[in-house]
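>>> structure of the sequence below:
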Amino acid sequence: MTEQSFPRVHQIRFAYSGLEDRMAIMLTMASGEGRVAWLSRRALTGLMHHINTVLKKSHPAGEGQEAHDTVMALEHIGARSQVAAQRDQEKAEAEESSVVQPDSWAHYLVTEARVEAQGEAGETVVVALLGQPLPGEPDRRFEPAPVAGLALTRPHAHEILRLMRANAEQAEWQLELPIGWMGGKPSSSEAE
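Have a look, this model is predicted:
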């Protein structure tokens, strides 16, 4: 990834806007400000594909190649368990120090995403979102500006993929992705 500074994210949530027919990634930044990164169907598909590819190529069992879907499915199951355990622990800690929700939200249309593995065993997946501030002018393109940077553990990268897919299915987007290792369709209650 090029040396570019990206604002760090503290909390992330997903939502779908039927009016926009876009996915909204609600980002509470480490600075306390709020940003909404809007993803089109095409941008979401591309981002999910990039995260999948980075996870598969950085898995130790891949030995320099993409890891097999069976290996990825097993890692995904383990990641879900690990994230669930962390969520329970974070709920207890959140009662002591809750995250203050931003008063206002800056909106961006995501036009580019960069994903790479970092660390010796690819234990961190870095996702950098770039885009255009909204509202913009029709068909006027600016140089993509850094929107947000996420440094995810492998389990959290799996959780982000799961949430993206669950929200896309709830939106009734028919995404064609080679991520068969994620298993069957998630229930709509999992998309929250």
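
>>> can you map out the helices along the chain?
For the chain, the helices defined by DSSP state H occupy 41-58, 69-96, 154-170.

>>> weakest of these in terms of mean pLDDT?
Of all the helices of the chain, mean pLDDT reaches its minimum on helix 69-96 (a mean of 80).

>>> excluding its backbone neighbours, what's nearest the one residue sitting closest to the centre of the chain?
Nearest to the geometric centre of the chain sits Ile160, at 4.4 Å (CA atoms, centre = their mean). Excluding the flanking residues, the one nearest Ile160 by CB to CB, 6 or more residues apart in numbering is Leu152, at 6.4 Å. C-beta here means a position set from N, CA and C on the backbone, and glycine is covered the same way.

>>> same question for Gly78.
Distances taken as CB to CB, 6+ apart place Pro155 nearest to Gly78, at 7.5 Å, with adjacent residues excluded.

>>> mind listing what the one you found touches?
78-80, 82-83, 86 (CB atoms under 8 Å, 6 or more residues apart in numbering).

>>> Ala113 too?
43, 46-47, 50, 127-130.

>>> name the nearest of these relative to Arg141.
Leu130 (12.2 Å; CB to CB).

>>> what number of residues lie near the residue nearest to that closest one when sequence neighbours are not counted?
The shortest distance from Leu130 to any non-neighbouring residue, by CB to CB, 6+ apart, is to Pro144 (3.8 Å). When neighbours are defined as other CB atoms under 10 Å, Pro144 has 16 of them.

>>> residues in contact with Pro144?
The neighbourhood of Pro144, defined by CB under 8 Å, 6+ apart, consists of 111-112, 130-132.

>>> for it, give its distance to Leu129.
9 Å (CB to CB, to the nearest Å).

>>> just Trp38 next, same as before
Distance from Trp38 to Leu129, by CB to CB: 10 Å.

>>> and for Lys56?
On the measure of CB to CB, Lys56 and Leu129 end up 21 Å apart.

>>> out of those two, which sits in the busier spot?
Leu129 (28 against 22).

>>> so who does the nearest residue to that one once chain neighbours are set aside touch?
Of all residues not flanking Leu129 in the chain, Val147 sits nearest, at 4.3 Å (CB to CB, 6+ apart). Val147 makes contact with 6-7, 27, 35, 37, 108, 110, 129-131, according to CB under 8 Å, 6+ apart.

>>> relative to Glu66, which of those is nearest.
Each of the contacts of Val147 was checked against Glu66 using CB to CB; the closest is Leu129, at 23.8 Å.
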